[in-house]
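> Got a predicted structure here, sequence first:
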Amino acid sequence: GENVEQHPSTLSVQEGDSAVIKCTYSDSASNYFPWYKQELGKGPQLIIDIRSNVGEKKDQRIAVTLNKTAKHFSLHITETQPEDSAVYFCAASTSSNTGKLIFGQGTTLQVKP
Amino acid sequence: DAGVTQSPTHLIKTRGQQVTLRCSPKSGHDTVSWYQQALGQGPQFIFQYYEEEERQRGNFPDRFSGHQFPNYSSELNVNALLLGDSALYLCASSLTGQGVYEQYFGPGTRLTVT
């Protein structure tokens, strides 16, 4: 069935370093891949997304890459700051009609000052 | 621009009771999806409502039901509550059509079943 695997489950970096989170998906029909940031006590916040017709997308310090052949996609955060500390979720949408999202298990990112 | 709102924020219920959670979508959105997020896990899709009908359903029992109103707001109902229903329930809104996929989440309702 539909599945999204996310690694690592926890990631600790020094302020200013880069952080990379990786996800793989099982359904080759997936065509939309968003990333969410969830802070304690809050709902997930959409931070960046990519569609299957694009290989890379950047927005300031964050970027996402997609490898359709290998069925994996990654989130890259450069020049990390303490406020980047949160749980990050990747997701894949296998339905272009409804956009139902299948989420990974989450990565807890800690940025040490 | 009003974002997605949910009520109540927290709720404590007893096993066997019924609960109703509410969601108002982001201004301009017409589609509401509900997700269940257990502690330490990613959200799991429950179902989606569009044009006041359930359009797609995830792997959840019939105890979970919903409704969408003409103003696009939505309710999630859970009957015969089990301890395992304790979770954060998230509502996400989106705009159907024109290939728009983005889903925006509300703050969630924390349900505790004792």
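Right, received. Where do you want to start?
> Residues of chain B that sit close to chain A?
B:4, B:31, B:33, B:35, B:40-45, B:48, B:50, B:55-56, B:58, B:90, B:92, B:94, B:96, B:99, B:101-108 (Cβ under 8 Å from any Cβ of the partner chain). The C-beta positions use only the backbone N, C-alpha and C, and glycine is treated the same way.
> residue closest to the middle of chain B?
B:Trp34 (3.0 Å; Cα atoms, centre = their mean).
> For beta bridges, what are the partners of it?
B:Phe47, B:Cys91 (DSSP bridges).
> Surely it and B:Cys23 touch.
Yes - if you go by Cβ atoms under 8 Å, B:Trp34 and B:Cys23 touch, sitting 7.5 Å apart.
> what's near enough to touch the residue of chain B found nearest chain A?
Nearest to chain A in chain B, going by Cβ to the nearest Cβ, is B:Gly42, at a distance of 3.2 Å. B:Gly42 is in contact with A:4, A:6, A:89, A:91, A:103-106, counting by Cβ atoms under 8 Å, 6 or more residues apart in numbering or on different chains.
> OK, contacts around the closest residue to it other than its chain neighbours?
Nearest residue to B:Gly42 in three dimensions, chain neighbours excluded: A:Phe103, at 3.2 Å (Cβ to Cβ, 6 or more residues apart in numbering or on different chains). When contacts are counted by Cβ under 8 Å, 6+ apart, A:Phe103 touches A:4, A:89-91, B:42-44.
> Could you rerun that using 6 Å?
A:89, A:91, B:42-43 (Cβ atoms under 6 Å, 6 or more residues apart in numbering or on different chains).
> Select from these every entry located in strands.
A:89, A:91 (DSSP state E).
> Stretch A:93-103 - what's its average pLDDT?
Stretch A:93-103 carries an average pLDDT of 80.
> hang on, B:Gly84 in a strand?
No - counting by DSSP: H, G, I helix; E, B strand; the rest coil, B:Gly84 falls outside a strand, being helix.
> how close does the nearest residue to it once chain neighbours are set aside get to B:Gly28?
Of all residues not flanking B:Gly84 in the chain, B:Val113 sits nearest, at 7.8 Å (Cβ to Cβ, 6+ apart). Distance from B:Val113 to B:Gly28, counting by Cβ to Cβ, to the nearest Å: 35 Å.
> likewise A:Ser93?
Distance, A:Ser93 to B:Gly28, by Cβ to Cβ: 20 Å.
> So for those two, which sits in the more crowded spot?
A direct count of neighbours by other Cβ atoms under 10 Å in any protein chain shown for A:Ser93 and B:Gly28 places A:Ser93 higher, at 25 against 10.
> for the more buried one, what are its contacts?
Going by Cβ under 6 Å, 6+ apart, A:Ser93 touches A:32, A:99, A:101, B:101.
> contacting residues around B:Ser73?
Applying Cβ under 6 Å, 6+ apart, we find B:Ser73 in contact with B:Ser24.
> Buried ones among the residues of chain B next to chain A?
B:4, B:31, B:33, B:35, B:42-45, B:48, B:50, B:55-56, B:58, B:90, B:92, B:94, B:96, B:101, B:103-108 (16 or more other Cβ atoms under 10 Å in any protein chain shown).
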